[in-house]
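Asker: Here is the input, now give the coordinates:
(4 chains)
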There are 2 protein chains.
Amino acid sequence: MKRDAFLAIADPTRREIINMIAFHSLNVNTVASHFKVSRTAIYKHLKILSQCGLVQINQQGRERICEAKLEKLQDVSDWIEPYQKVWATRLDSLDNYLHRLQSQNEKIPEQVKKKKPVKRT
Amino acid sequence: MKRDAFLAIADPTRREIINMIAFHSLNVNTVASHFKVSRTAIYKHLKILSQCGLVQINQQGRERICEAKLEKLQDVSDWIEPYQKVWATRLDSLDNYLHRLQSQNEKIPEQVKKKKPVKRT
DNA sequence: TATTTGTGAAACCTTATGGTTTCGTTATTA
DNA sequence: TAATAACGAAACCATAAGGTTTCACAAATA
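Answerer: All right, here's what the predicted structure looks like:
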């Protein structure tokens, strides 16, 4: 049962938990109260997140404060980065191609007409 | 059974498949031959990847060519991006702090000594 | 001290996941 | 035309995932 950041963020509930505690740590009950499912279910998610290193649980009296360790997401972005470069480059080339066409007052083929502004990094 | 890019890349075998076909499309058997598990198992992963929009399968004669659609990874990097900024900023502040210390010829406390060059965006 | 609050863990259930073997079908090719 | 290559799909299996209810226990509080 190998647990990593990829597995951690695969579940939408766990992504929501990250969203919740990313900027301010919360105790288990407070996290759970924002969801429809039971506290125990959320606790299980928190346990998985903590096993994956994405959440650190610190005891404070009878409460356990859940703190997001966002750096662990680096594993995921490291994996994606090279591919992101590829698709960004591809989009950029298309974008440039369209610009060249336009500046030459040529007709843009229907199939490649620009639909959305292209996001750059 | 909602399928998205997060789920697609949660499995290590599927990530390997993406690695394999990212830069050159391959047919199902060729993909499968690189793994220890059966062709059928790989085919199932390919089906999931295609349901998630990360792979497009094009028939060519009796072969099905699997082509990676890397743009779909945008969903994932969009989700991570804001958090990446946060932890990058945190690391940057530490980095700046260390630089200030160094330029003032002060002693760097052991606990915060720089270990790796910090990656910036 | 008695009660409430916040939590961890166990037992259990249903469904999804990842794998297998087997079989049928369509293109190639000998 | 017969054999083989490349699939797709079905049936099946073990285990993991995500959920529930219940119980136990320590800390805070009335």
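
Asker: quick one, what contacts the residue of chain A found nearest chain B?
Answerer: Relative to chain B, the nearest point of chain A is A:Ala10 (3.6 Å; C-beta to the nearest C-beta). C-beta coordinates here come from the backbone N, C-alpha and C atoms, glycine included. Counting by C-beta atoms under 8 Å, 6 or more residues apart in numbering or on different chains, A:Ala10 touches B:Phe6, B:Leu7, B:Ile9, B:Ala10.

Asker: where's the nearest residue to the last one once chain neighbours are set aside relative to DNA strand D, distance?
Answerer: So the one you mean is B:Ala10. Excluding its sequence neighbours, the residue lying closest to B:Ala10 (C-beta to C-beta, 6 or more residues apart in numbering or on different chains) is A:Ala10, at 3.6 Å. According to C-beta to the nearest atom of the strand, to the nearest Å, A:Ala10 stands 6 Å off from DNA strand D.

Asker: Look at A:Ala10 and give its secondary structure.
Answerer: coil (DSSP: H, G, I helix; E, B strand; the rest coil).

Asker: Please apply the same query to A:Gln56.
Answerer: strand.

Asker: While we're on it, how confident is the model there?
Answerer: As predicted, A:Gln56 sits at a pLDDT of 98.

Asker: got it, and the one 4 residues further on?
Answerer: On pLDDT, A:Gln60 comes in at 97.

Asker: re earlier: can you report phi and psi for the residue nearest to B:Ala10?
Answerer: phi -70, psi -30 (degrees, to the nearest 10).
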